[in-house]
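Q: let's see this in three dimensions:
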Amino acid sequence: KRKCIIATVVIVIVFIIAVAVAVPVGLIFGNGGSSSSGSGSGSGSDGTKYNNYATSGTDGSTVVLANGTSVVYRNAFGGRWASGLTDDSAQAQNYTKPLSEDWDWANDKIYGVNLGGWLVTEPFIAPALYEPYANTSSPAVDEYTLSALYLAEGGQANLEARMRQHYDTFITEADFMEIAAAGLNWVRLPIGFWAIETIEGETFLEKVSWEYVLKAIEWARKYGIRINLDFHAMPGGQNTYNHSGRLGYMSFLNGVMGIANAQRALNYVRILTEFITQPEIRKVIPMFSVLNEPNLPFGIGTEQLKSYYAEAYFTVRNITGYGADNGPMIAFHDGFEGLDNFKNFLTNSDRVAYDTHPYVAFTPPFTNSYDTQIAYVCNSFSQTTSNAFNQHGLYLAGEFSLAINDCGLYLNNVGQGVRYDGTYPGLTEVYGSCTPFDDWTSYNASHIQDLHNFAIAQMSSLRNFFFWTWTIGDSTLTNATVNPAWNYKLGLQQGWLPTDLNAALSDPVCLDLASTITTGSITAASATTWSGTMSAWQTGAASSYPVTVAASNAWPPATLETTTTQSMTIPASSLPAYTKTGAVSSLPMPSFTVSQKGEATPTIGSWYNASDTSPMWVAIAGCAMPGPY
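A: Take a look at the predicted model:
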């Protein structure tokens with residue numbers, strides 16, 4: 001059989017060129033504002049007048065946002081903002097290194113939050129997008145069907161207008177300032193493959209969300225926030241969940257298009273790596289999560305996933321080079337099956353982290369109290385964290401929440417019901433009413449304290465964490481935010497998340513909580529047993545990185561599962577695939593607006609490694625392929 005691929009290279013390169021040229025990385029401001037530290041004024045060589053705005057400041061200073069609004073910068077933890085075009089001196093808090101200093105993976109702690117629902121929408125995070133269609137014959141259940149409905153209503157112009165409205169309002173520069181003020185020092189930024197390109201059969205808005213990735217980079221730089229760039233949604237879907245783009249589909253490393261979709265994803269890993277490794281970007285994005293939540297239990301085989309991870313690792317490091325400050329930390333998700341599958345995998349590799357998402361909300365029976373859950377996470381999570389650091393190096397929780405059951409609007413998809421109250425399809429047991437959990441306006445002091453204790457128990461036990469998620473949009477049904485156990489911003493406002501995060505986590509939290517819980521017990525085994533040091537190869541400090549990949553993990557994998565129940569395998573050589581013959585060309589640098597102080601325009605391109613000229617995966621001309629799903 002002739003092997004086919006979906007032509008990607010030309011479209012991808014044209015897209016990045018267009019975005020790089022069209023989207024300014026710098027900020028331009030109008031008249032007004034007030035000066036504080038680092039103010040700049042005067043004229044440039046071309047006669048351009050620059051306003052006397054502060055270009056850096058601390059608590060109480062006036063900062064001008066990208067939309068021209070002047071606000072007072074509030075940060076009670078010694079934070080410092082800086083608005084230079086490539087100024088890495090900003091510092092989220094005094095206990096967090098400024099961006100200009102390298103992160104110490106063994107000693108510095110990630111206090112992070114996800115920007116979920118922004119550039120990859122989810123019904124339970126942005127319910128107002130989905131509610132208008134919920135009771136129709138064709139409900140929107142994921143971004144794929146939502147985009148299809150927007151297209152049907154008004155074509156591409158309507159799709160772009162509706163998505164831009166969401167992108168422009170759901171997360172703004174002010175959120176980054178508030179995240180730093182909350183004591184958080186990292187964000188995890190989920191993006192979908194459609195930020196780069198789409199092909200026939202994919203309804204998503206192509207390329208536009210990348211403009212907002214660039215905004216996020218600039219805002220993070222300004223407030224000293226580091227970014228974990230999370231490749232959240234793969235071509236074909238990697239887990240059947242709505243946040244992979246299309247609910248119910250898993251055609252990445254699974255099924256007829258499993259190889260082709262993975263090859264296409266590797267193109268995107270390469271393109272993203274080339275962009276984020278540039279000297280002007282790398283300090284802001286020190287971590288790249290190359291694949292979110294691959295679903296091992298539902299049909300992506302362990303050896304197949306390891307094969308992909310090994311190929312992604314070499315794709316990244318062949319661009320960045322090896323050792324500290326040469327490209328990002330690479331994060332691999334555990335596939336929902338823990339880290340035992342990855343023992344002795346990629347030993348001696350340069351800076352590889354493992355990511356887990358330890359939710360307790362989706363597994364019955366839901367009879368546990370908060371105290372019981374606190375005991376569980378203190379006893380289990382802390383020991384798992386210690387073991388992971390001892391065996392693998394950097395370990396982080398890329399997602400977790402405060403939910404102890406699956407109550408919430410659309411948490412289990414649009415129209416699917418809830419396990420806890422017995423409305424979930426196929427389940428009849430009722431554990432209780434969701435009202436006491438959903439109605440956050442009625443929480444009493446005891447409930448708020450329970451949530452607070454559960455939060456800090458998880459944060460302390462996980463060490464490096466990203467809460468899912470920063471904010472939940474309002475529901476059109478209630479005109480208020482929903483799903484409180486998943487909403488960090490609401491938790492801050494209402495008192496169940498700590499306003500002084502570093503202080504709350506400075507004591508041995510689980511030992512302190514041991515005397516307060518009334519059900520369950522926290523044992524001595526919960527104390528950390530990690531030595532506190534990491535091997536040189538785990539931090540980028542080794543002199544060499546000799547990695548051996550097992551034959552069973554060679555790329556491409558020898559076989560794929562062809563169902564989501566792992567009941568049948570098929571030789572990968574018989575499946576449609578791409579051919580690596582596509583040409584690669586360099587990309588032009590982004591354009592900049594006039595800066596506040598008339599600084600020289602920096603030179604930033606989109607392609608870091610000029611020696612990276614090997615072909616990309618492209619289609620054989622005239623060869624028909626199945627659709628990506």
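
Q: I'd like the distance from stretch 612-622 to the chain centre, please.
A: 28 Å (C-alpha atoms, centre = their mean, to the nearest Å).

Q: correction: the previous question concerned stretch 180-196.
A: 5 Å.

Q: and that stretch, end to end?
A: One end of stretch 180-196 sits 29 Å from the other (C-alpha to C-alpha, to the nearest Å).

Q: the longest helix anywhere in the chain - contacts with which helices or strands?
A: Using DSSP state H to define each element, the chain has its longest helix at helix 143-170. Where contact means 3 or more C-beta pairs under 8 Å, 6 or more residues apart in numbering; DSSP states H and E, helix 143-170 is packed against helix 127-130, helix 208-223. Heads up, the C-betas are built off the backbone N, CA and C, glycines and all.

Q: I'd like the mean pLDDT over the longest one, please.
A: Translated: helix 208-223. The predicted model gives helix 208-223 an average pLDDT of 95.

Q: next secondary structure after that helix?
A: strand 226-233 (DSSP states H and E).

Q: what pairs with that following strand, parallel or antiparallel?
A: Each strand paired with strand 226-233, and its direction, by DSSP bridges: strand 186-192 (parallel), strand 287-289 (parallel).

Q: can you give me the buried ones in the helix or strand following the shortest one?
A: On the C-terminal side of strand 287-289, the closest following helix or strand by DSSP H and E is helix 302-320. For helix 302-320, burial by neighbour count (16 or more other C-beta atoms under 10 Å) applies to 302-313, 315-317, 319-320.

Q: circling back to that earlier point, the helices and strands packed on helix 143-170 into a markdown table, with extra columns for distance to Trp105 and mean neighbour count?
A: Listed next are these as a markdown table, based on distance: least, C-beta to C-beta, whole Å; neighbours: other C-beta atoms under 10 Å:
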| stretch | distance to Trp105 | mean neighbour count |
| --- | --- | --- |
| helix 127-130 | 37 | 23 |
| helix 208-223 | 19 | 23 |
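
Q: mind checking which of these is nearest Leu159?
A: Nearest to Leu159, of all the helices and strands packed on helix 143-170, is helix 208-223, at 9.2 Å by C-beta to C-beta.

Q: could you give the angle of the closest one to strand 186-192?
A: Put simply, helix 208-223 runs at 170 degrees to strand 186-192, going by axes from the mean of the first three to the mean of the last three C-alpha atoms, to 10 degrees.

Q: buried ones in stretch 540-550?
A: By 16+ other C-beta under 10 Å, the buried positions in stretch 540-550 come out as Gly540, Ala542, Tyr545, Val547, Val549.

Q: ok, the third one touching Asn348?
A: Yes: under the criterion of C-beta atoms under 8 Å, Tyr545 lies in contact with Asn348, with a separation of 5.5 Å.

Q: okay, and the common contacts of the two?
A: The contact sets of Tyr545 and Asn348 overlap at Trp537 (C-beta atoms under 8 Å, 6 or more residues apart in numbering).

Q: nearest residue to Leu119 other than its sequence neighbours?
A: Ser209 (4.4 Å; C-beta to C-beta, 6 or more residues apart in numbering).

Q: where do the helices of the stretch 301-450 of the chain begin and end?
A: Assigned by DSSP state H, counting those that start in this stretch, the stretch 301-450 of the chain shows helices spanning 302-320, 370-392, 435-438, 445-462.

Q: could I get those helices as JSON lines with mean pLDDT?
A: As requested, those are arranged in JSON lines below (pLDDT from 0 to 100):
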{"stretch": "helix 302-320", "mean pLDDT": "98"}
{"stretch": "helix 370-392", "mean pLDDT": "95"}
{"stretch": "helix 435-438", "mean pLDDT": "98"}
{"stretch": "helix 445-462", "mean pLDDT": "98"}
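
Q: let's have these in a markdown table, adding distance to Gly154.
A: Below are the helices of the stretch 301-450 of the chain laid out as a markdown table (distance: least, C-beta to C-beta, whole Å):
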| stretch | distance to Gly154 |
| --- | --- |
| helix 302-320 | 38 |
| helix 370-392 | 46 |
| helix 435-438 | 34 |
| helix 445-462 | 42 |
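
Q: so which of the ones you listed comes closest to Asn413?
A: helix 435-438 (16.6 Å).

Q: contacts for that closest one?
A: With C-beta under 8 Å, 6+ apart as the test, helix 435-438 has contacts from Ala403, Asn405, Cys407, Gly408, Leu409, Tyr420, Ser442, His447, Val482, Asn483, Pro484, Ala485.

Q: neighbour-wise, which of these leads?
A: Tyr420 (27 neighbours; other C-beta atoms under 10 Å).

Q: let me have the helices and strands packed on helix 143-170 in a markdown table, extended by distance to Ser574.
A: Listed next are the helices and strands packed on helix 143-170 as a markdown table, based on distance: least, C-beta to C-beta, whole Å:
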| stretch | distance to Ser574 |
| --- | --- |
| helix 127-130 | 39 |
| helix 208-223 | 35 |
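
Q: among those, which is nearest Gln156?
A: Distance to Gln156, taken as C-beta to C-beta, is lowest for helix 208-223 among the helices and strands packed on helix 143-170, at 10.7 Å.

Q: show me what the closest one is packed against.
A: So helix 208-223, by 3+ C-beta pairs under 8 Å, 6+ apart, packs with helix 9-22, strand 81-82, helix 143-170, helix 173-181, strand 186-192, strand 226-233.

Q: how about those in JSON lines, adding mean pLDDT?
A: Converted to JSON lines, the helices and strands packed on helix 208-223 look like this (pLDDT from 0 to 100):
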{"stretch": "helix 9-22", "mean pLDDT": "37"}
{"stretch": "strand 81-82", "mean pLDDT": "98"}
{"stretch": "helix 143-170", "mean pLDDT": "99"}
{"stretch": "helix 173-181", "mean pLDDT": "99"}
{"stretch": "strand 186-192", "mean pLDDT": "99"}
{"stretch": "strand 226-233", "mean pLDDT": "99"}
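
Q: which stretch among the ones you listed comes nearest Asp88?
A: The closest of the helices and strands packed on helix 208-223 to Asp88 is strand 81-82. By C-beta to C-beta, the value is 7.9 Å.

Q: returning to that earlier point: closest one to Ala331 among the helices and strands packed on helix 143-170?
A: Among the helices and strands packed on helix 143-170, helix 208-223 comes nearest to Ala331, with 17.2 Å by C-beta to C-beta.

Q: the closest one versus helix 143-170: what angle between them?
A: Going by the same axes, to 10 degrees, helix 208-223 makes 30 degrees with helix 143-170.

Q: dump the C-alpha coordinates for helix 208-223 into CSV.
A: C-alpha atoms of helix 208-223 as CSV (Å, rounded to 0.1, in the frame of the first residue of the first chain):
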residue,chain,number,x,y,z
VAL,A,208,-6.2,32.5,15.9
SER,A,209,-5.6,31.1,19.4
TRP,A,210,-1.9,31.3,18.8
GLU,A,211,-2.2,35.1,18.9
TYR,A,212,-3.4,34.7,22.5
VAL,A,213,-0.5,32.4,23.3
LEU,A,214,1.8,35.3,22.3
LYS,A,215,-0.3,37.6,24.6
ALA,A,216,0.1,35.1,27.4
ILE,A,217,3.9,35.1,26.9
GLU,A,218,4.0,38.9,27.1
TRP,A,219,1.8,39.1,30.2
ALA,A,220,3.6,36.4,32.0
ARG,A,221,6.9,38.1,31.3
LYS,A,222,5.5,41.4,32.6
TYR,A,223,4.5,39.9,36.0
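
Q: so where's the protein uncertain?
A: 1-53, 524-528, 564-567, 585-600 (pLDDT under 70).

Q: swap the cut-off to 50 and go again
A: Across the chain, residues meeting the criterion (pLDDT under 50) sit at 1-50, 585-588.

Q: how near is the closest residue to Gly540 other than its chain neighbours to Thr145?
A: Nearest non-adjacent residue to Gly540, counting by C-beta to C-beta, 6+ apart: Ala324, 3.4 Å away. The gap separating Ala324 from Thr145 is 44 Å, by C-beta to C-beta, to the nearest Å.
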